[in-house]
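Student: Based on what follows, work out the 3D shape:
(one chain, ligands or ions: 2)
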Amino acid sequence: MTAQKILLLVLDGIADRPCEVLDGKTPLQAAATPVLDRLAQESVCGIMDTIAPGIRPGSDTAHLSLLGYPPERYYTGRGPLEAEGCGIRMEAGMIGFRGNFGSLDSNGTIIDRRAGRIASTAPFCDAIREGVDLSSFGVELFIEPGAGHRAAVAFRGEGLGANVTSNDPKHEHLPPLPIRPMTDAGSDLHTAEVANEFLRQSQEILFDHPLNKQRIADGLLPANIVLIRGAGIMGRFEPFPEKWKITGSVISAAALISGIGSAVGLEPVQVPGITGSADSDLNAKIAYTEKELDRKDFVLLNIKGADEFGHDGKPLLKRDFIEVIDSALAPLLEWHDIIIAICADHTTPCSVMDHSGDPVPIIIRGPGVRVDSVAAFDELCTAGGGLSRIRGGDLMPILVDLINRSEKYGA
Ligand SMILES: O=C(O)[C@@H](CO)OP(=O)(O)O
Ligand SMILES: [Mg+2]
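Tutor: Ligands and ions are numbered 1, 2, ... in the order given. Predicted structure coming up:
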């Protein structure tokens, strides 16, 4: 039998480094994962450098690479992808940014880059959209919430450049940075001025916002600053159905991943109850994936929560959530007629609280796969499998070949 369909399941940031508190195991090694282990036993396994050995991928460049779009050729910044995923149509000339709602103290120091992982920023985005006026610059503002503390910001106007810095110092206990142009071009200076004015006005609105006053009264961190990063224009992508000759969908709570999907020509599928965090309805995600695989040749499914625990430096919670993911994946054991690839997009070590360049585990299961003797799904065991060590850019050619849809190289 030859499979006709492909599921690419990305367990975002699930890979880690050995953790002291887990007796030198990674959270994935320490977790009881009977389902993932069974899948690994029925797979060809390996490890993968999503971009290249030692390169620390962002989720953006990692997913582009996994989908077969080398980031060195296709990546124009995180902002436009995040914006597209939040529902902002990124037309030519628009500049998009990824936004975080964070917390500033009275000294102007960032005390949390994620406003205590606030559940929703929609009311703050509404207030900023209504209150900020950039018309003196001839610029129209777009701002939309993403999952949790995340949002996307975009500017539309004449002569805007994309080469500007971020106000996000990427670490707490520091003040926000001024946005600066990175070249001498007038267009970049223009964007920097617009962005700094946007930040000034939005901060005033956020400081006065009744919901922030309420949050402080309740002992919660206020969402009183927008940290923007990843400025860019939307790139041009060869459509996925033309490139790989298969149709596809994307299922993800993270706007960045749905944005990448829609930018390359995958259809984003809305699933009720998914959050991108540990409280996400993973059963709904799996049920929608199964339905989507009836309609399409390919589904990219991203499960995010483990990455958040890596960023928060919480190995025990990361281990526990990996067990929740494992149970939710039980239906996959019965999906025998499709090619299932399971991997991470990058390692997010709890000790680093950010991504690292360590390779990630990868397993591929389905009809025609040359099953090896790997017994468990983790960073070390899969390294002994038949895939050895591949790069993210190798994955789509391998998957498309397994459904016998690859083109012959040569005569
Ligand atoms: O969106 C996220 O989950 C992370 C990593 O990409 O970003 P931040 O550190 O800004 O929360
Ligand atoms: Mg990621």
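
Student: mind giving me the domain split of the chain?
Tutor: Domain segmentation of the chain under automatic domain parsing yields 6-76+237-402, 82-233.

Student: and Leu7, which of the three is it?
Tutor: Three-state call for Leu7 (DSSP: H, G, I helix; E, B strand; the rest coil): strand.

Student: Would you mind confirming that it makes contact with Ala341?
Tutor: Yes - if you go by CB atoms under 8 Å, Leu7 and Ala341 touch, sitting 7.1 Å apart. In this view, the C-beta of every residue, glycine as well, is placed from N, C-alpha and C.

Student: just the domains of the chain: most buried one?
Tutor: domain 6-76+237-402 (a mean of 20; mean count of other CB atoms under 10 Å).

Student: what distance separates the start and the end of that domain?
Tutor: Its first and final residues considered, domain 6-76+237-402 spans 9 Å by CA to CA, to the nearest Å.

Student: same deal with stretch 107-127?
Tutor: Length of stretch 107-127, first residue to last, CA to CA: 24 Å.

Student: Distance from the chain centre to it, please.
Tutor: Relative to its chain's centre, stretch 107-127 lies at 19 Å (CA atoms, centre = their mean, to the nearest Å).

Student: what's the answer for stretch 315-323, then?
Tutor: 19 Å.

Student: got it, and stretch 393-411?
Tutor: 26 Å.

Student: What parts of the stretch 1-150 of the chain come near ligand 2?
Tutor: When proximity is defined as CB under 5 Å from the ion, the stretch 1-150 of the chain approaches ligand 2 at 12-13, 59.

Student: Let's see that with 8 Å instead.
Tutor: Within the stretch 1-150 of the chain, the residues that sit near ligand 2 (CB under 8 Å from the ion) are 10, 12-13, 57-59, 62-63.

Student: So which of those sit within strands?
Tutor: Val10 (DSSP state E).

Student: Looking at the residues of the stretch 1-150 of the chain next to ligand 2, which two lie furthest apart in space?
Tutor: Comparing all pairs in those by CB to CB, the longest separation belongs to Val10 and Gly58, at 13.5 Å.

Student: quick one on the thing from earlier: if we take the residues of the stretch 1-150 of the chain next to ligand 2, which one ends up nearest to ligand 1?
Tutor: Ser59 (5.0 Å; CB to the nearest ligand atom).

Student: contacting residues for Ile95?
Tutor: Residues near Ile95 by CB atoms under 8 Å, 6 or more residues apart in numbering: 79-80, 154-155, 160-162, 191, 231-233.

Student: scratch that, Met234
Tutor: When contacts are counted by CB under 8 Å, 6+ apart, Met234 is found next to 76, 80-81, 84, 90-92, 94, 96, 263.

Student: Helix, strand, or coil at it?
Tutor: In terms of secondary structure, Met234 is coil; the call rests on three-state DSSP.

Student: which residues of the stretch 151-300 of the chain score low on pLDDT?
Tutor: Scanning the stretch 151-300 of the chain for pLDDT under 70 picks out nothing.

Student: how about the residues of it near ligand 2?
Tutor: Ala254.

Student: Run through the strands of the stretch 151-300 of the chain in chain order.
Tutor: Under the criterion DSSP state E, counting those that start in this stretch, the stretch 151-300 of the chain contains strands at 225-232, 248-251, 267-268, 298-303.
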